[in-house]
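A.B. asks: Fold the following for me, if possible:
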Amino acid sequence: MALNGHGDFRVAHTLEAIEAIYSASDGKCAICRKPPGGRKEKKLALDHCHKSMKLRGLLCTSCNTGLGAFHDDPDLMQRAIEYLKK
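C.D. replies: Here you go, the predicted structure:
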């Protein structure tokens, strides 16, 4: 299992919880459902809520960066979805 993440963050969660998320994801990104691949993207990021620190799932670099660009704001993301549907 290869994950990106900050060491101190991972310490706050049990290895069993992280392994369960990985197993449930089948080693694929929770958003695009693709496995990590390519030269730059060899690992999945352990995504979490920045307020509660609750683990959400594993994300590829592209999807994780996309969420970050929208500041984890569902309303902002919904407006972007509506824009793309034009």
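
A.B. asks: Next, please give the residue ranges for the strands of the protein.
C.D. replies: Using DSSP state E, the strands of the chain run over residues 3-4, 44-48, 55-59.

A.B. asks: what pairs with the last one, and is each one parallel or antiparallel?
C.D. replies: Take DSSP bridges as the rule and strand 55-59 pairs in its sheet with strand 44-48 (antiparallel).

A.B. asks: Distance from the strand it pairs with to the middle of the chain?
C.D. replies: How far strand 44-48 lies from its chain's middle: 4 Å, per C-alpha atoms, centre = their mean, to the nearest Å.

A.B. asks: what is the rounded mean pLDDT of that strand?
C.D. replies: For strand 44-48, the mean pLDDT works out to 88.

A.B. asks: Can I get that strand in PDB? Just the C-alpha atoms.
C.D. replies: What follows is strand 44-48 as a C-alpha-only set of coordinates in PDB (Å, rounded to 0.1, in the frame of the first residue of the first chain):
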ATOM      1  CA  LEU A  44      -2.900   7.900  -3.400                       C
ATOM      2  CA  ALA A  45      -3.400  10.700  -0.900                       C
ATOM      3  CA  LEU A  46      -5.200  10.000   2.300                       C
ATOM      4  CA  ASP A  47      -8.000  12.600   2.200                       C
ATOM      5  CA  HIS A  48      -9.600  13.900   5.300                       C
END
